[in-house]
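> From the sequence below, what's the structure:
(4 chains, ligands or ions: 4)
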Amino acid sequence: MSIHPLDPIQALERMMLIRAYEETLIDLHGRGRAAGTCTSVGQEAPAVGVVSALTADDLILTNHRSAGHLLARGADPGRMLAEVMGKRDGYCGGKSGSLHISAKDLGVVLTSTIVGGELALATGVGLSRSMLNKSGIVACFFGDGAATEGRFQESLNLAAVWKLPILYVCENNQWQAFVHRKETMLADSIAGQAEALGVESAVVDGNDPLAMFDAACTAIDAIRRTGKPFLLEAMTYRLRGHFEPDDQAYVDRTELAHWRDRDPILRLRARLEREGRLSVDGIAAIESRVRATMEAATAFADASPYPGPDALTTDVYA
Amino acid sequence: MSIHPLDPIQALERMMLIRAYEETLIDLHGRGRAAGTCTSVGQEAPAVGVVSALTADDLILTNHRSAGHLLARGADPGRMLAEVMGKRDGYCGGKSGSLHISAKDLGVVLTSTIVGGELALATGVGLSRSMLNKSGIVACFFGDGAATEGRFQESLNLAAVWKLPILYVCENNQWQAFVHRKETMLADSIAGQAEALGVESAVVDGNDPLAMFDAACTAIDAIRRTGKPFLLEAMTYRLRGHFEPDDQAYVDRTELAHWRDRDPILRLRARLEREGRLSVDGIAAIESRVRATMEAATAFADASPYPGPDALTTDVYA
Amino acid sequence: MTTMTTMTVNDAISAALAEEMQRDPTVMIFGEGVATKRRDLLERFGAARVRNTPLAEGIIAGTAAGAAATGLRPVVDLLFAPFLCYAMDEIVNSAGKLRYISGGQFSFPMVVLAMTGAGWGVGAQHNHNVESWFVHSPGLKIVMPSTPADFKGLMKAAIRDDNPVLVFADIALGYSAGEVPEDADAIPLGKAAVRRVGRDVTLVSYAKTVGTCMAAADTLAAADIDAEVIDLRSLKPLDEAAILRSVAKTGRLVVVHEASRLCGVGAEIAALVAEKAFASLRAPVLRLTGPDAPAPASFPLEQAFVPQADAIVAAVRSQMGG
Amino acid sequence: MTTMTTMTVNDAISAALAEEMQRDPTVMIFGEGVATKRRDLLERFGAARVRNTPLAEGIIAGTAAGAAATGLRPVVDLLFAPFLCYAMDEIVNSAGKLRYISGGQFSFPMVVLAMTGAGWGVGAQHNHNVESWFVHSPGLKIVMPSTPADFKGLMKAAIRDDNPVLVFADIALGYSAGEVPEDADAIPLGKAAVRRVGRDVTLVSYAKTVGTCMAAADTLAAADIDAEVIDLRSLKPLDEAAILRSVAKTGRLVVVHEASRLCGVGAEIAALVAEKAFASLRAPVLRLTGPDAPAPASFPLEQAFVPQADAIVAAVRSQMGG
Ligand SMILES: Cc1ncc(C[n+]2csc(CCOP(=O)(O)OP(=O)(O)O)c2C)c(N)n1
Ligand SMILES: Cc1ncc(C[n+]2csc(CCOP(=O)(O)OP(=O)(O)O)c2C)c(N)n1
Ligand SMILES: [Mg+2]
Ligand SMILES: [Mg+2]
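Ligands and ions are numbered 1, 2, ... in the order given. This next block holds a predicted model:
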């Protein structure tokens, strides 16, 4: 099943919506109205690039930094904000909060805040795809830190041996909470481990949504053709702290500056302007649409009631 | 610290002692006097080759198939048999049984029957070597099955990042209980994973104790020189069942026959005879020494009393 | 009238697996050596539904959870209870919690099978009765039967249940035989069985120590002490009504299990009765359990680890004030 | 006379770490972000003794166990209790059992630190009170203090103990301040503290709900009901004598904790009393605990998860027959 090419203007708008969503959350958190949350600021490209390459029957598993993946999949920012605020209209009725949002109707099976949980369950979702002869593949987003949990090896190895249709997407953002990636592994890339396990892989510029989209299309074609898993490693950077609040005092200033210059949104926008494909009015129009969307979303979430006390013990057992 | 070369005649005698020990156990088990045990029949070469390359202050961690490693280290077969039979004079007072024998005075820190336990603790033993400025290194024996547990990746990665003096020895015996290795991994060797994690490795003929000894000496020199871990992968074969009893009905006959022809003991013996270094009397002398040792060991274990009932709850807490 | 066949506990588990796989094509089983050891299932249902796995309990359980959330009903054999320690995250944090966390969007119909208990003499890394960990954890169900018929019926119910169910098999019972109804259907989870009706004291147990309680009851009967023996069968849901009904009648309770004492299932039952049957209690509630120690390998020590019939008799006599 | 300083629970833990690392060069600490978040310790004791690790709880705990068996006294910070699920094998099957399995040849002097409990609002994969799992497991000790002074003293004792000790920090208490003696030494493991002396009812608790019990006691006092409040501090060893002494006096027991009910520490205490203080019991033993559900993220639900003072008051009134 082929995907129409990714319109760079649309990609830009999606990335800007994700950024605006996170900035809304940061603001809400600052005003004590949202619990600690991990933002995807700086990592919008893998989300938009990869998710745009998926079809409706593909399934997604992701980690604690999942807002971009959800929004790129078309999730309602209002229901997402409501969930973060623990409101009844959140995707999980307020029981998840920001860190485990799943949305069955969008094919988002899991946001795991147990680092590695997404890797552990992805094989099962891939297994059900093949056992039930479903056409969909599974996209599993995880971080470079998750790649140091043994589940990474276990998941890729089982997917390789059982030929499971899984697109593994590692967002190598150089940080694992308060630890720099270089403190946790000798290699600069995890792709070598995938190769050693017999899983094909590609390392991609994780701050370029178009490059991510193309790489994802190629990988997904290979998965559909061979039935085998594939690993995409997106080289990107966590521009904000691990969670809110985090002053990033432990982050090397030059490294941060280097990556700020490569902000995926500014980069794509500059390129499109340079190529004369994005006018001042064009960008203004996008900005106002995004602003309107987030204002409506915030209003919706604010208006949503908290779940009633009975919700404390519902949904525990079938 | 250098090791005098390994005398092939001594190597042969040690391997024959290990084989005789296992055959004694099989016999005891057959007569209902020892609980289920995993024998090392066919895997005597890595034990004798690697352990002979260790010095007195090196430490050993191993897995459920540890009789060879213990005997090569000079363990008393009488105390080992007593442990298997749950007797008071066993290395662990009968509390371990066959599957977890440790011997502090021999530097054998752990026999883990949790597959992967030896990999999980080895890094800590390596850490204490470097923190306490001990000259010894750590030898960690594990199987190809253990290499499919995530702890394998976690252990090698931490050892690489922290530069821990660990000699990882994978006895790739082609089987993981009742599952053939090929059902559990795509590659024929796990060395590629070590390389991907930045751990140097070598694949060795695991049915040749002299080759194992030489490879171990080279690896240990590298570890002492660089402080970094090293992986040796011994290609060998489990000639008996997973544990006693096991009719091996699930084992391919040609594969088994192929490896029986490469029995490490018969091979070395034939070679030494061919080279005229082992006479008929010589082999007879070894055989009678081994027989005498095992007869004495069995008598010792038989004579040893069971622990008293109070032992049930001693040694739980310090 | 239903005809009976005699089969062992292991055969009862196999029969339940075969019947449920026959009944429902989404049921499958995998684990270390499963396809090798269950050749019959492999030949009957094929290599896709009966699989060997790499040696990695975490991904086995995680794969089961992911498959369960998206349309399959996996059964995983994790071999021995201590090995579940490698799969705790997948069982507790994922399978047990994600229905709730997702606000009920996803279900986790999966079964985790494991052996435990004294009998093989291979020590504490194969033998550790950890069932109470899972009773304490939300979203899970736990069964630990004592008869072939219950193993078959509860295994079938576990496979059909839409929640994650852990089935613990007491290794000492594996080859014990018993009658199983030919047309046995699922036995509902959460229902205890009264193995012996009595009026003087209630003995509550599960797994192999149910037999120990029956033996103690016979000895007590000879001394005109009439013990009621309750086999819990399911540890979660717990059949509180059956326990309270019996204690209301007898006024005396002894809980017996091999798992160690502190925060075990016996503690829960004693606490339940101390709250909800307080008025009918006529004697201290007693627990006979394994010690707070790892399981020893040495045969005589391993035997001593398990509560014995004479200790139960002595406990009851002390309650009867004799 | 000892001078007092006021410090938070988090500061008390840091102070204990610094003092023990100063006292004993074999003490070290590592974990995800430990060197980043504990800059003070890093600068004072160096990069060899204060380390960041890869994100892998299993190998962190296993490394601690291996190091403890061979001469070091590691402290590992596993961050949040649910993450211990990735380290269960190393904690339970290795650290907890290998002294016994080895016939006493090896010791495992290590400390595992983790936060848990309601208060942050981030849900069930960060908040799960699993302390009773470890109470049930042999070879481990568990502390869960409620005051800065106890955190400091028990943390020091945990580091000096030759057994593996788990220290659970109730996240809601992290920034709560209290007086800590300047020259505070280790507080022995296994000793409860009587926070309030009373004669009518015994309230037993630990961690944040000790404060809830104190509040309830004040309300009860206004109604001339005199509650004794016991803070367990250590969950294993459990100070059985302190509990039995109090219940022998009051004849009434209410156990309060945030962990869920089934097979929790409250079950153990209720069972203990139903056996050993049966004669003095004048009312049903009650437990007020978190529900058998994962921890919700939603603020009002998270608050509702934790036992409240008015519920304790109502429980006691029911015991007083009114
Ligand atoms: C099992 C587990 N351990 C630790 C944590 C705490 N934690 C949350 S996110 C995080 C860092 C994850 O790093 P990475 O996988 O690279 O993802 P990133 O945050 O960089 O996107 C840590 C340590 C957790 N949630 N789960
Ligand atoms: C964690 C764990 N899972 C499963 C087992 C059961 N088991 C014991 S040995 C074994 C096979 C181990 O294979 P490998 O690591 O290759 O060692 P080998 O037996 O071949 O020497 C298995 C599955 C175990 N002891 N521990
Ligand atoms: Mg990262
Ligand atoms: Mg093997």
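> State the distance from the residue positioned nearest the centre of chain C to residue C:192.
In chain C, the residue lying closest to the centroid (Cα atoms, centre = their mean) is residue C:144, at 0.9 Å. Per Cβ to Cβ, to the nearest Å, residue C:144 is found 12 Å from residue C:192. For glycine as for every other residue, the C-beta is placed from the backbone atoms N, C-alpha and C.
> Break down chain C into its helices, ranges please.
For chain C, the helices defined by DSSP state H occupy C:9-23, C:34-37, C:39-45, C:57-69, C:88, C:98-101, C:131-136, C:148-160, C:209-222, C:240-250, C:265-276, C:299-305, C:309-319.
> just the ones you listed: most buried one?
helix C:57-69 (a mean of 31; mean count of other Cβ atoms under 10 Å in any protein chain shown).
> Can you list the neighbours in contact with stretch C:311-322?
C:200-201, C:203, C:212-213, C:216, C:219-220, C:223, C:225, C:227, C:252, C:254, C:256, C:282-284, C:286, C:288 (Cβ atoms under 8 Å, 6 or more residues apart in numbering or on different chains).
> rerun that using 10 Å as the cut-off
By Cβ atoms under 10 Å, 6 or more residues apart in numbering or on different chains, the surrounding residues in contact with stretch C:311-322 are C:200-203, C:205, C:209, C:212-213, C:215-220, C:222-223, C:225, C:227, C:250-256, C:281-288, C:307-308, D:278.
> Can you check the pLDDT for whichever residue of the stretch 201-322 of chain C sits closest to ligand 4?
For the stretch 201-322 of chain C and ligand 4, the shortest gap (Cβ to the ion) falls at residue C:297, measuring 22.6 Å. pLDDT for residue C:297: 97.
> do residue C:2 as well
79.
> and it, what is it in contact with?
Applying Cβ under 10 Å, 6+ apart, one finds that residue C:2 lies in contact with C:180, C:181, C:182, C:183, C:184.
> Any regions of chain A where pLDDT drops low?
A:1-3 (pLDDT under 70).
> Give me the most central residue, it.
residue A:69 (3.6 Å).
> shouldn't it be in contact with residue A:46?
Yes: with contacts defined as Cβ atoms under 10 Å, residue A:69 counts as touching residue A:46 at a distance of 8.6 Å.
> Quickly note the distance from the nearest residue to residue C:177 once chain neighbours are set aside to residue C:42.
Using Cβ to Cβ, 6 or more residues apart in numbering or on different chains and skipping residues adjacent in sequence, the residue nearest residue C:177 is residue C:8, 4.9 Å away. As for residue C:8, its distance to residue C:42 is 20 Å (criterion: Cβ to Cβ).
> for residue A:49, what are its contacts?
A:6, A:11, A:14-15, A:72, A:169, A:204-206, A:208-217, A:232, A:234, A:264.
> Which residue, other than its chain neighbours, is closest to the closest residue to chain B within the stretch 1-150 of chain A?
Distances between the stretch 1-150 of chain A and chain B by Cβ to the nearest Cβ are smallest at residue A:150, namely 1.8 Å. Once flanking residues are discounted, residue A:150 sits nearest to residue B:150: 1.8 Å by Cβ to Cβ, 6+ apart.
> Counting neighbours, what do you get for that neighbour?
29 (other Cβ atoms under 10 Å in any protein chain shown).
> Would you mind measuring from it to residue A:176?
17 Å.
> With residue C:236 instead?
Residue C:236 is 36 Å from residue A:176, by Cβ to Cβ.
> same question, residue C:250
Applying Cβ to Cβ to residue C:250 and residue A:176 gives a distance of 58 Å.
> Also residue C:176?
Going from residue C:176 to residue A:176 by Cβ to Cβ gives 51 Å.
> Look at these two and report which has more neighbours.
residue A:176 (26 against 15).
> show me where chain A has strands.
A:59-63, A:108-112, A:138-143, A:166-172, A:175-176, A:179-180, A:200-205, A:230-235 (DSSP state E).
> Quick one: those strands as TSV, columns for distance to ligand 2 too.
Shown next, in TSV, are the strands of chain A (distance: least, Cβ to the nearest ligand atom, whole Å):
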stretch	distance to ligand 2
strand A:59-63	25
strand A:108-112	23
strand A:138-143	24
strand A:166-172	24
strand A:175-176	26
strand A:179-180	28
strand A:200-205	27
strand A:230-235	26
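> Which of those strands sits closest to chain C?
Using Cβ to the nearest Cβ, the nearest of the strands of chain A to chain C is strand A:108-112, at 6.0 Å.
> outside of stretch A:265-282, which residues touch it?
Contacts with stretch A:265-282, where a contact means Cβ under 10 Å, 6+ apart, come from A:8-9, A:11-13, A:15-16, A:18-19, A:41-42, A:44-45, A:48, A:205, A:207-210, A:260-261, A:263, A:283, A:285-286.
> could you redo the last one with a cut-off of 6 Å?
Stretch A:265-282 has contacts (Cβ atoms under 6 Å, 6 or more residues apart in numbering or on different chains) with A:8, A:12, A:15, A:19.
> got the residues of the stretch 151-300 of chain A near chain D?
Selection of the stretch 151-300 of chain A residues close to chain D by Cβ under 6 Å from any Cβ of the partner chain yields A:176, A:177, A:178, A:179, A:183, A:184, A:250.
> buried subset of these?
A:176, A:177, A:178, A:179, A:184, A:250 (16 or more other Cβ atoms under 10 Å in any protein chain shown).
> residue in the stretch 1-150 of chain C nearest to ligand 1?
residue C:89 (7.2 Å; Cβ to the nearest ligand atom).
> ok, and the closest non-adjacent residue to that residue?
residue D:85 (3.8 Å).
> contacting residues for that neighbour?
C:88, C:89, C:92, C:93.
> and if you look at residue C:33?
Here residue C:33 is in contact with B:177, B:178, B:179 (criterion: Cβ under 6 Å, 6+ apart).
> now, which of these lie close to chain C?
Counting by Cβ under 6 Å from any Cβ, the members of the contacts of residue C:33 near chain C are B:177, B:178, B:179.
> Chain D contacts on the stretch 1-150 of chain A?
Counting by Cβ under 6 Å from any Cβ, the residues of the stretch 1-150 of chain A near chain D are A:35-36, A:86, A:94-97, A:99, A:113-115, A:145, A:148-149.
> Just to be sure, which of those are found in helices?
Short answer: the residues of the stretch 1-150 of chain A next to chain D have none in helices (DSSP H).
> Near ligand 2, list only the ones from these.
Near ligand 2, judged by Cβ under 6 Å from any ligand atom, there are no entries from the residues of the stretch 1-150 of chain A next to chain D.
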